[in-house]
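**Student:** Below are the sequence and a predicted model; questions follow.
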Amino acid sequence: METLVMYYSFSGRTHYEAKRVAERVEGELYEVREQRRRSVFSLYFLGPRQARRKSFVYVEPIAVNLEDYDRVILLAPVWGGWPAPAFNSMVRELKPGMEAEVMLTSDSGRVRDINAVRREVERRGVIVKGVSVIKTEDLKKRDREHARRRREELRRRQANDKRD
């Protein structure tokens, strides 16, 4: 079964989680990018309103043939309680009858209405196998711990190299 992990990330946290998911399911990783680079101002002041309204944004053309995949896993951040506008653009690209799983990343771990997200995707004729929320605050803690361990490992190696 061929799996595509398609994601949008502004800060990089969703990218990190998408890589982990792609490795776990042995799927192909594909990043969706907005055509116009979003500023931090736009993210914090316009992004949540666009997400709440379920707005679409122009994304770069999808460079993979979605029909080559049996399953698509969509990952996107949550802005103001709703999936980022790029998520809505990704959903538009899905073909009726496709099987999809939705994973949303959020610092708080909350989405306003997870069933509404499911309905939006199903409205396109897509078979939704699951909708989940990944709390990125946990990812930050894990990243800090990983970085701390990595620094300690490098210090040990340097100390061993000096002895030799």
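**Tutor:** Received, thanks. Numbers count the residues shown, from 1 in each chain.

**Student:** From the chain's centroid, how far away is stretch 56-70?
**Tutor:** The chain centroid and the centroid of stretch 56-70 are separated by 15 Å under Cα atoms, centre = their mean, to the nearest Å.

**Student:** quick check: mean pLDDT across the longest helix anywhere in the chain?
**Tutor:** The longest helix of the chain (DSSP state H) is helix 136-163. Averaging pLDDT along helix 136-163 gives 77.

**Student:** what does stretch 103-121 give?
**Tutor:** Across stretch 103-121, the per-residue pLDDT values average to 86.

**Student:** quick one: terminal-to-terminal distance for that stretch?
**Tutor:** Taking Cα to Cα, to the nearest Å, stretch 103-121 runs 12 Å from one end to the other.

**Student:** For that stretch, buried residues please.
**Tutor:** Using 16 or more other Cβ atoms under 10 Å as the test for burial, stretch 103-121 gives Met103, Leu104, Thr105, Ser106, Val111, Val117, Glu120, Val121. (C-beta placed from N, C-alpha, C; glycine too.)

**Student:** Stretch 53-73 now?
**Tutor:** Neighbour-count burial for stretch 53-73, counted by 16+ other Cβ under 10 Å, picks out Val57, Val59, Tyr69, Arg71, Val72, Ile73.

**Student:** Looking at those residues, which one is closest to Ser132?
**Tutor:** Distance to Ser132 across these (Cβ to Cβ) is lowest for Ile73, with 10.2 Å.

**Student:** Wait, a strand at the closest one?
**Tutor:** Yes. Secondary structure of Ile73 (DSSP: H, G, I helix; E, B strand; the rest coil): part of a strand.

**Student:** on that earlier part again, how about the buried residues of stretch 103-121 in TSV, adding distance to Ala84 and secondary structure?
**Tutor:** Converted to TSV, these look like this (distance: Cβ to Cβ, whole Å; DSSP: H, G, I helix; E, B strand; the rest coil):
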residue	distance to Ala84	secondary structure
Met103	13	strand
Leu104	9	strand
Thr105	10	strand
Ser106	11	strand
Val111	12	coil
Val117	12	helix
Glu120	13	helix
Val121	14	helix
